[in-house]
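Peer 1: Prediction below, plus the sequence it came from.
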Amino acid sequence: MNSSIALKAENVNKIYRQGNENINALSNVSFEVKTGEIFGLLGPNGAGKSTFINILAGTVNKTNGYVNVWGFNLDKNPRQVRASIGIVPQEVNFDPFFSPRKLLELQAGLYGIKKKDRITDTILKLVSLEKQADSYARALSGGMKRRLLVAKAMVHQPPIIILDEPTAGVDVELRNTLWENVRSLNKQGVTTILTTHYLEEAEKMCDRIGILSGGKLVALDTTKNLLERIQTKIVYVTTDKKTNINDNTFESLKVISNVENKLILSYEKSKLSIDSIISEIKKQDIKIQDISTDDGDLEDVFLRLTKN
């Protein structure tokens, strides 16, 4: 496999038997994750995100298809695949009476890492837990516990880290801290795969995004290109007096609100330009005091692609 590709999936299927029915959890899912990028895997509940991660982790067997991780074929080299990834789960899953240092040492032992090759202190510093290294895990704050999960996933120095809904149920401040940790890891060359419900998170963090819906990959592109799929643009205009613009002034134009000197419009970017709207306002001998636009966000793309 090309060394610039960290993960490759080709026509991956997972079929569950439920009574007399076959349930397609994944249907011919194909995508690549480039080395060194932050890749977002998005989708509503039941879309197949967790199924795909569990296939990589070895806890679920795919029905068929091809998966290659860091040059290793999942069918032929499952142990090497698992050694190439570190998975950060949604749930806190460690003994509260162990210290972060002890937990990382135990995890390293599970991977068969010799004591002289362990980098426990380096990892603790990386996730800003060096001061809490010998405290009971139960005494850590929610944010510290999340960072400890990241540390556990890094003990065997995997080239790929997978974060499964890393900021689910945490406050904004903690979310920002975790984002900083992910960026720090990525800057050190760690390829990152992120599953999330928070579209703002994906928009800010990810280089490219794959969107799953009903077990199928319905979109795969750069974040920038996905955002450019949004055709509707909203314009907010403040003028010195009320305008006469209405829905019939231009094709695709819709007046959302026109009260006194405040005008809110929407239009299709492919059919109309902001310059045409500005020219029309000026033709009415009206001065524009302020103008701003809203291009929409990833949520608009997500809703359009995942709706039934």
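Peer 2: Received the coordinates, thanks. Residues are numbered from 1 along each chain as shown.
Peer 1: residues near the closest residue to residue 89 other than its chain neighbours, how many?
Peer 2: Spatial nearest neighbour of residue 89, excluding adjacent residues (C-beta to C-beta, 6 or more residues apart in numbering): residue 164 at 5.7 Å. Glycine gets a C-beta too; all of them are placed from N, C-alpha and C. Using other C-beta atoms under 10 Å, residue 164 has 21 other residues around it.
Peer 1: Likewise for residue 101?
Peer 2: Residue 101 has 19 neighbouring residues, counting by other C-beta under 10 Å.
Peer 1: Equivalent analysis for the one 3 residues further on, please.
Peer 2: A total of 25 residues lie near residue 104 under the criterion other C-beta under 10 Å.
Peer 1: quick check, it in a helix?
Peer 2: Yes. Judged by DSSP: H, G, I helix; E, B strand; the rest coil, residue 104 forms part of a helix.
Peer 1: Just list the residues touching the closest residue to residue 207 other than its chain neighbours, thanks.
Peer 2: Distances taken as C-beta to C-beta, 6+ apart put residue 37 closest to residue 207, at 4.4 Å, once the chain neighbours are dropped. Residue 37 makes contacts with 6, 191, 192, 207, 208, as judged by C-beta atoms under 8 Å, 6 or more residues apart in numbering.
Peer 1: In contact with the last one, which residues?
Peer 2: By that I understand residue 208. 34, 37, 39, 40, 220, 221, 222, 223.
Peer 1: Let me know the pLDDT of it.
Peer 2: Model confidence at residue 208, expressed as pLDDT, equals 95.
Peer 1: Now stretch 288-308: average pLDDT?
Peer 2: Averaging pLDDT along stretch 288-308 yields 74.
Peer 1: Stretch 92-100 too?
Peer 2: 88.
Peer 1: Chain neighbours aside, what residue packs nearest to residue 133?
Peer 2: Distance criterion C-beta to C-beta, 6+ apart; nearest residue to residue 133, sequence neighbours excluded, is residue 101 at 4.5 Å.
Peer 1: Buried ones in the host helix or strand of that neighbour, by neighbour count?
Peer 2: Assessed by DSSP states H and E, residue 101 sits inside helix 100-110. Residues of helix 100-110 classed as buried: 100, 101, 102, 103, 104, 105, 107, 108 (neighbour count, 16 or more other C-beta atoms under 10 Å).
Peer 1: now the strands for this protein?
Peer 2: Remark: strands assigned in the chain by DSSP state E are 5-18, 21-34, 38-42, 64-69, 72-73, 85-88, 160-164, 191-196, 208-213, 216-222, 232-239, 254-259, 262-268, 288-294.
Peer 1: For the second one, name the packing helices and strands.
Peer 2: When contacts are defined as 3 or more C-beta pairs under 8 Å, 6 or more residues apart in numbering; DSSP states H and E, strand 21-34 sits against strand 5-18, helix 49-57, strand 64-69, strand 191-196, strand 208-213, strand 216-222.
Peer 1: closest to residue 141 out of the ones you listed?
Peer 2: The minimum distance between residue 141 and the helices and strands packed on strand 21-34 falls on strand 191-196, with 21.5 Å, by C-beta to C-beta.
Peer 1: Convert that closest one to PDB, retaining C-alpha atoms only.
Peer 2: The C-alpha trace of strand 191-196 is given here as PDB (Å, rounded to 0.1, in the frame of the first residue of the first chain):
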ATOM      1  CA  THR A 191      -2.800  10.300  11.900                       C
ATOM      2  CA  THR A 192      -6.100  11.000  13.600                       C
ATOM      3  CA  ILE A 193      -9.600   9.600  12.900                       C
ATOM      4  CA  LEU A 194     -12.300  11.400  14.700                       C
ATOM      5  CA  THR A 195     -16.000  10.300  15.000                       C
ATOM      6  CA  THR A 196     -18.200  13.000  16.400                       C
END
